[in-house]
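Enquirer: compute the structure for the input listed below.
(chains A, B, C and D)
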There are 2 protein chains.
Amino acid sequence: MLQRAQARITRALEAELLLGHDLALASYDVLTRLAESPDRRLRMNDLADRVLLSRSGLTRLVDRLQRDGLVEREACPDDARGLFAVLTDDGAVRLAEATPTYLRGIRAHLLGALGADELRRCAAVLAGLAGPPPGEG
Amino acid sequence: MLQRAQARITRALEAELLLGHDLALASYDVLTRLAESPDRRLRMNDLADRVLLSRSGLTRLVDRLQRDGLVEREACPDDARGLFAVLTDDGAVRLAEATPTYLRGIRAHLLGALGADELRRCAAVLAGLAGPPPGEG
DNA sequence: CTTAGAACGTTGCACATGCATCTACATAGG
DNA sequence: CCTATGTAGATGCATGTGCAACGTTCTAAG
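Expert: Next comes the predicted model:
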């Protein structure tokens, strides 16, 4: 249930971001992680973990983002093996433009895909899995 | 938040099903939909909708499932354009074997990825989006 | 210093997927 | 009957992804 709802939402978001901002969802995710990191930069490895993408997947994705000027690679002074992925100004702008679309999409599609009722049931399921709240019972 | 948690769970589930039962998550989903349908069969088109896969994607996936003997195609008597995808006995067995893995995985990874606390917060977020329950307030 | 092993990121390959297109069949209008 | 339009699935192509393997660099042990 959660599975399918999420798949629907993901695909809708993907389409909207792509259409409106020429950004894949994975790209949006990468830009977000970079934006919220100190100096807008992250080691490729760390980024791969946060973005839930394999190393190779990230390599290619950053290739594309770099080609589009949204991200740059910088050598890591401490470790010659390492590379930083750095959010460019253009990248920050694109991200800022896309964020409202993203947030609106989450809200709209979450409600649209499930309906308030199912949403409540999902909430109940999650709450049940989590166990009773600590300050109660 | 939900996004990334779900991605993590999906990938973990995918890996476990693949390793333990040689079933991709998409395949598991297809088998499930067929199993819960009357006569264990569904038109390709209907199946594609329920499984959240494009038509072409489903064509290929059913190709693979058919190759592995888990599903068969049957002509549709009413409409010569149409095809049924039918769950075979082998398919039903594989599905039955995989289901415990799936359910255990959902529970384990949902809790593992988020922790009871975050889970409660997610539940609260969903509940908030859904609005107040009808029988209250 | 030298060597062995680990870690970081990239690349070759295989594969699943979507979009656009195609064919076959169905349905409506003449 | 014949034609036009729509629908069900399949296929060509491009793309994004992961796994395994590779080269480079770091770290530890001698």
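
Enquirer: need the helices for chain A, in chain order.
Expert: With DSSP state H, the ranges of helices along chain A come out as A:2-21, A:25-35, A:44-51, A:55-67, A:89-130.

Enquirer: tally of neighbours for A:G57?
Expert: Other residues lying near A:G57 total 13 when counted by other C-beta atoms under 10 Å in any protein chain shown. (Glycine included, C-beta is placed from N, CA and C.)

Enquirer: now it, nearest residue through space, not along the chain?
Expert: A:A48 (7.6 Å; C-beta to C-beta, 6 or more residues apart in numbering or on different chains).

Enquirer: check that neighbour and give its pLDDT.
Expert: Note for A:A48: predicted pLDDT of 92.

Enquirer: next one: it from DNA strand C, what distance?
Expert: A:A48 is 7 Å from DNA strand C, where distance means C-beta to the nearest atom of the strand, to the nearest Å.

Enquirer: tell me which residues touch that residue, please.
Expert: A:54-55, A:57-58 (C-beta atoms under 8 Å, 6 or more residues apart in numbering or on different chains).

Enquirer: out of the residues you listed, which touch DNA strand D?
Expert: A:54-55, A:57-58 (C-beta under 7 Å from any atom of the strand).

Enquirer: how about low-confidence regions in chain A?
Expert: A:1-7, A:111-118, A:125-137 (pLDDT under 70).

Enquirer: what does it put close to DNA strand C?
Expert: Near DNA strand C, when you scan chain A using C-beta under 7 Å from any atom of the strand, you find A:11, A:15, A:43-46, A:48, A:55-56, A:58-60, A:62-63, A:73, A:76, A:79, A:81-83.

Enquirer: of those residues, select the buried ones using a PyMOL command.
Expert: Those of the residues of chain A next to DNA strand C that count as buried under 16 or more other C-beta atoms under 10 Å in any protein chain shown are selected in PyMOL with:
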select buried, chain A and resi 43+44+48+58+62+83
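
Enquirer: can you tell me which residue is spatially central in chain A?
Expert: In chain A, the centroid-proximal residue (C-alpha atoms, centre = their mean) is A:D29; its distance is 2.5 Å.

Enquirer: ok, now how distant is the residue lying closest to that residue once chain neighbours are set aside from A:F84?
Expert: Nearest residue to A:D29, sequence neighbours excluded (C-beta to C-beta, 6+ apart): A:V51, at 5.1 Å. From A:V51 over to A:F84 the distance is 15 Å, taken as C-beta to C-beta, to the nearest Å.

Enquirer: around DNA strand D, pick out the residues from chain A.
Expert: Close to DNA strand D, as judged by C-beta under 7 Å from any atom of the strand, chain A has residues A:24, A:26, A:53-58, A:60-61, A:64, A:79-81.

Enquirer: run the last query once more with 6 Å
Expert: A:26, A:53-54, A:56-57, A:60-61, A:79-81 (C-beta under 6 Å from any atom of the strand).

Enquirer: which two from these end up farthest apart in space?
Expert: A:A26 and A:A80 (27.9 Å; C-beta to C-beta).

Enquirer: look at those two and report which has more neighbours.
Expert: It is A:A26, of A:A26 and A:A80, that has more neighbours when counted by other C-beta under 10 Å, with 19 against 8.

Enquirer: would you check that A:L83 makes contact with A:N45?
Expert: No - A:L83 sits out of contact with A:N45 when judged by C-beta atoms under 8 Å, with a separation of 9.1 Å.

Enquirer: where do the contact lists of these two overlap?
Expert: In contact with both A:L83 and A:N45: no residue, using C-beta under 8 Å, 6+ apart.

Enquirer: A:R43 against A:D78, yeah?
Expert: No - counting by C-beta under 8 Å, A:R43 sits too far from A:D78 to count as a contact (10.0 Å).

Enquirer: now the closest residue to DNA strand D within chain A: how far from B:N45?
Expert: Of all residues in chain A, the one sitting closest to DNA strand D is A:G57 (2.3 Å; C-beta to the nearest atom of the strand). Here A:G57 is placed at a distance of 32 Å from B:N45 (C-beta to C-beta).
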